[in-house]
Structure formats: structure tokens, C-alpha cells
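A.B. asks: Predicted model and sequence follow; I will ask about them next.
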Amino acid sequence: MRVSAIVVAAGLGTRLGGTIPKAFVNLGNVSLLFRVLRAIVGAGACDEIVVAVPAGLEGRARTQAEAARVQIPVKIVAGGEARQDSVRLALRLTSAESELVVIHDAARPFATPAMFSACIAAAAASGAAITAIPVTDTLKRVDGRTVTSTLHRDGLWQAQTPQAFRRDLLLKAHEQARRDGVTATDDAYLCERLGISVQVVQGSAVNLKITSPDDLEIGEALASSRLVAD
């Protein structure tokens, strides 16, 4: 079974407060993008990688792929205005011979090869799968600064990436979302809209998303620990 990987790395990272696009920010001595590419290579399940980056940084992404010693074909594309646009543009570049597509955000630099392998295997069996973890905190619905309700966390999971789908289903989901004017923060929702059943693969709290300076500080601590490897 042929598998294409999409790395969403087009975010500018404005909430980090720096001037470097998020995927190229270093944790330890390597970038977020480098770490993600190494995890995909380590999984050994993908036949190509498509990376969506900010326009003008295609060459820099190519350099990162070379530094990560990626031996499978790597395609670079300028991302769109929103994450969903970047995925759609990258999806167009995936090989028509690929049966599955696995999508991962460069902002999650600590995903492991095992997470990619498990998500791909689940999608191969069911058609669609996401990495996720159960919600453990109490969730409050807030209006302004006032709590309006408390949500029961039973059955609630926090979605992560990687997420994997049959390529034909994902293409159909993105095409339908574009026609309907629907925007989503993850690709699984676009598939759910079509009635596609999405399976859940156990993720990890270590697979955090780097969004704020606090996240970056935690990431630096993880990068310097023995919990993760470059």
C-alpha cells in the first residue's frame, strides 16, 4: 500500500512572538520541521512527503529535508492562507498511486514514528484515523471571562496529529468543504461531515502543539530531556 505524508508547515507563528516561521524555529539544536521529517522517515511507512511552507521558503524547507536525510521523494509547495488551504494544496501534489495520506502539523515536533505507524495502520483498516488523547481537565464554557457552563469530559478526546485517511475520501471531503464554504481546524471533521467513521489511535501528552511562548519553553525542556530524541 502506497502512502503519502503531508506536513503542514505554513504557519507564520505570530503567537510565538518571533520573526521566524514556526516550522523553522529550533528546539534544542534542530527545527520543528526537522524533527517531524525524522519521525516520518523513522516510521518507514511513507513513499513520499509533501511539505506546505510559507511562500518563499521552499528552498529552506528543501535544506531541512536534506539535513534530515530523507531518502524518499520530497515535494515542497507554498501553503495557503489557512491550514485547510495548505492541506488542500499539498493534497493535490500527492501521488495518484497513493491509497492513504497521513497529515501532520509541523507544530507537533514530538510525534513518534510509532504514532505515524499506528495511525496509518488504523486508517488502512477503517478508512480514517486520528491520534488523540482523553480529556483529563475540567472544561468550562466561557463568555468573556464568565463561566456559563461546565462540560462533562466523559467521552471527550483531544484531537492531535498525525491523522490518516484514504486518499479518495480525503479528496472528496476537501472538495465538499470548499463547495460548502466550510472551514475546519482538522481534516477529520471534514470527513465526519460526509458520514465517514473516524477511528482513534492513542496519542500522548508529550505530542504537544507549539503555539505560544510557554509551549516553546516546555518544548525546550522536552528536547533537552531523555523523553524525546533528535
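C.D. replies: Perfect, thanks for sending it. Numbers count the residues shown, from 1 in each chain.

A.B. asks: List the beta-bridge partners for the residue sitting furthest away from the middle of the chain.
C.D. replies: Distance from the C-alpha centroid of the chain peaks at residue 146, with 32.2 Å (CA atoms, centre = their mean). For residue 146, the beta-bridge partners under DSSP bridges are residue 143.

A.B. asks: how much space is there between it and residue 110?
C.D. replies: Distance of residue 146 to residue 110, computed by CB to CB, to the nearest Å: 35 Å. C-betas here are computed from N, CA, C, even on glycine.

A.B. asks: and if you look at residue 218?
C.D. replies: 10 Å.

A.B. asks: what ranges of this structure fall below the confidence cut-off?
C.D. replies: The chain contains residues with pLDDT under 70 at 226-230.

A.B. asks: for it, what spans make up the strands?
C.D. replies: Taking DSSP state E to define them, one finds strands in the chain at 3-8, 26-27, 30-31, 48-53, 74-78, 100-105, 128-134, 139-143, 146-151, 157-166, 199-202.

A.B. asks: okay, those strands in JSON lines with distance to residue 183 next?
C.D. replies: Shown next, in JSON lines, are the strands of the chain (distance: least, CB to CB, whole Å):
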{"stretch": "strand 3-8", "distance to residue 183": "14"}
{"stretch": "strand 26-27", "distance to residue 183": "29"}
{"stretch": "strand 30-31", "distance to residue 183": "28"}
{"stretch": "strand 48-53", "distance to residue 183": "16"}
{"stretch": "strand 74-78", "distance to residue 183": "19"}
{"stretch": "strand 100-105", "distance to residue 183": "16"}
{"stretch": "strand 128-134", "distance to residue 183": "18"}
{"stretch": "strand 139-143", "distance to residue 183": "21"}
{"stretch": "strand 146-151", "distance to residue 183": "23"}
{"stretch": "strand 157-166", "distance to residue 183": "16"}
{"stretch": "strand 199-202", "distance to residue 183": "23"}
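
A.B. asks: ok, residue 116 to residue 178 distance?
C.D. replies: In terms of CB to CB, residue 116 sits 27 Å off from residue 178.
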